[in-house]
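1. just coords:
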């Protein structure tokens, strides 16, 4: 059953955006929205949450924005607060260990 038909997703929008940024730290909001299959407005809100939570920062390069992930932080859920964000990315974003052109912890 596909995610849209069921109305459920294994990963939250926050996790999806974080993973999409890990794959391409120079992606535009519209590219992130397309990759995550959510609206640009939703991506903007998620980005604010991630930035306020200390998971990423933004830096302008001319007309583009580049993102830096801060992977030393831990997951927010109390039951998983001992697990680093980098572990999630290693497991899901780069299961084969290939991170060419992606952010490094």
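-> Great, that's in hand. The structure displayed is predicted, hence computed values, not measured ones. Numbering: from 1, shown residues only.
2. Grab the most central residue of the protein for me.
-> residue 18 (0.5 Å; C-alpha atoms, centre = their mean).
3. which residue ranges form the helices in the chain?
-> For the chain, helices defined by DSSP state H occupy the ranges 3-6, 13-23, 29-36, 40-52, 85-92.
4. Pull up the gap between the nearest residue to residue 72 once chain neighbours are set aside and residue 51, please.
-> Nearest-residue entry for residue 72: residue 84, 6.6 Å, with adjacent residues in sequence omitted and distances by C-beta to C-beta, 6 or more residues apart in numbering. For the C-beta atoms, the positions are set from N, CA and C on the backbone; glycine is no exception. Distance, residue 84 to residue 51, by C-beta to C-beta, to the nearest Å: 18 Å.
5. Pull out the buried positions in stretch 9-27.
-> Buried residues in stretch 9-27, defined by neighbour count with 16 or more other C-beta atoms under 10 Å: 13-23, 25, 27.
6. Mind picking the two most distant members of these?
-> Based on C-beta to C-beta, the longest span within those runs between 13 and 25 and measures 18.5 Å.
7. just to revisit the earlier point, give the contact list for the residue nearest to residue 72.
-> Residue 84 makes contact with 71-75, 105 under the criterion C-beta atoms under 8 Å, 6 or more residues apart in numbering.
8. Could you check the pLDDT of it?
-> Turning to residue 84, the model gives it a pLDDT of 75.
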